[in-house]
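> Predicted model follows, preceded by the sequence.
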Amino acid sequence: MPENRLALLPSTGASLTLNMLLSFAQFEREVTGERIRDKLAASKRRGIWVGGIVPLGYEVRERKLVIREDEAQTIRRSIAEPELEWSRQWSSLGISPGTICA
């Protein structure tokens, strides 16, 4: 709430109460954020996939990333043969640029 609106409150007690409520609401938002960050970090430590774009060469099974051998072979081949342009090589194998850059 802007400071000029606080000046419109009828008494200093009302202003104090409002400031306390606003401070408590901010505290609750920060605590909630900390809990969410801690939960995500704990899930990552246990190896659980917490969401987002699945990297090329992987799939999610039972909340964990698992290597997809068909895509993994393509990636390994691209790295082993760096003289080929990646986009041309992957296009010839049926992998679209949207899959690579998504």
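Yep, it's here.

> Only C-alpha atoms from now on, for both contacts and neighbour counts.
OK.

> contacting residues around the nearest residue to residue 71 once chain neighbours are set aside?
Once flanking residues are discounted, residue 71 sits nearest to residue 57: 4.6 Å by C-alpha to C-alpha, 6 or more residues apart in numbering. The contact partners of residue 57, taken as C-alpha atoms under 8 Å, 6 or more residues apart in numbering, are 67-72, 75.

> Just after the helix or strand where residue 42 lies, pick out the following helix or strand.
In this assignment (DSSP states H and E), residue 42 forms part of helix 12-45. Using DSSP H and E, the helix or strand that follows helix 12-45 in sequence is strand 58-61.

> what lines up beside that following strand in the sheet?
strand 64-67 (antiparallel) (DSSP bridges).

> Can you mark which positions in the partner strand are buried?
Neighbour counts over strand 64-67 (16 or more other C-alpha atoms under 10 Å) mark 64-65 as buried.

> Give me the contact list for that strand.
With C-alpha under 8 Å, 6+ apart, strand 64-67 has contacts from 47-49, 57-60.

> Just the buried ones out of these, please.
Buried among those (16+ other C-alpha under 10 Å): 48-49, 57-58.

> ok, back up a step: can you list the buried residues in the helix holding residue 42?
Quick answer for helix 12-45 (16+ other C-alpha under 10 Å): 15, 40.

> I'd like to know which elements that helix is packed against.
Judged by 3 or more C-alpha pairs under 8 Å, 6 or more residues apart in numbering; DSSP states H and E, helix 12-45 has no packing partners among the helices and strands.

> how about a cut-off of 10 Å?
On a contact count with 3 or more C-alpha pairs under 10 Å, 6 or more residues apart in numbering; DSSP states H and E, helix 12-45 meets helix 3-6.

> and the helix it packs on, what's its mean pLDDT?
What helix 3-6 shows for mean pLDDT is 57.

> Next: stretch 54-67.
For stretch 54-67, mean pLDDT is 88.

> Just the endpoints, please. Distance across that stretch?
Criterion C-alpha to C-alpha, to the nearest Å; first-to-last residue distance in stretch 54-67 is 11 Å.

> Please apply the same query to stretch 51-58.
In terms of C-alpha to C-alpha, the two terminal residues of stretch 51-58 are separated by 13 Å.
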